[in-house]
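>>> Fold the following.
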Amino acid sequence: MLRGQSLTIQYLQGGSRGQGRIKLEESEIERLKDAMRVHPHPGVARHQTVQREHYPGITVPLGRPAP
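All right, here's what the predicted structure looks like:
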């Protein structure tokens, strides 16, 4: 798993009977580096803040009731 995505790595194993060091091709390394790169995305649009005295759906005046 790399950045939340499943990723298959193509590699070769050197040495006799394939028990040696793992070898990656240069193109595979570039592909992995590109998968790890952070891609910027536009920010989330936010709603304008609601004024304290105006709440949607509340139809009575806020505060303690008059005596």
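
>>> so residue 21 touches residue 13, yeah?
Yes. Residue 21 lies in contact with residue 13 (CB atoms under 8 Å); the separation is 7.3 Å. Just so you know, the C-beta spots here come from the backbone N, C-alpha and C atoms, and that holds for glycine as well.

>>> Settle it for me: which of these two has more neighbours?
residue 13 (11 against 8; other CB atoms under 10 Å).

>>> where in this structure is pLDDT low?
50-55 (pLDDT under 70).

>>> Helices of that one, residue ranges please.
Assigned by DSSP state H, the chain shows helices spanning 26-36.

>>> What residues does residue 16 make contact with?
By CB atoms under 8 Å, 6 or more residues apart in numbering, the contact list for residue 16 is empty.

>>> Pull up the gap between it and residue 56, please.
Applying CB to CB, to the nearest Å, the value for residue 16 to residue 56 is 74 Å.

>>> cool, residue 46 as well?
Counting by CB to CB - residue 46 and residue 56 are separated by 17 Å.

>>> now do residue 28
55 Å.

>>> okay, those two: which has more neighbours?
residue 28 (14 against 6).

>>> residues near the spatially closest residue to that one that is not a sequence neighbour, how many?
Spatial nearest neighbour of residue 28, chain neighbours left out: residue 10 (5.3 Å); criterion: CB to CB, 6 or more residues apart in numbering. When neighbours are counted by other CB under 10 Å, residue 10 registers 10.

>>> quick one: contacts for residue 11?
So residue 11 contacts 22, 23, 24, 28 (CB under 8 Å, 6+ apart).

>>> Next, give phi and psi for it.
Per-residue torsions, residue 11: phi -140, psi 160 (degrees, to the nearest 10).

>>> I'd like the distance between it and residue 21.
For residue 11, the distance to residue 21 - CB to CB - is 10 Å.

>>> Settle this for me: residue 32 is touching residue 2, isn't it.
Yes. Here residue 32 lies in contact with residue 2, judged by CB under 8 Å, at a distance of 7.5 Å.

>>> Between these two, point out the one with more neighbours.
More crowded of residue 32 and residue 2, by other CB under 10 Å: residue 32, with 15 against 10.
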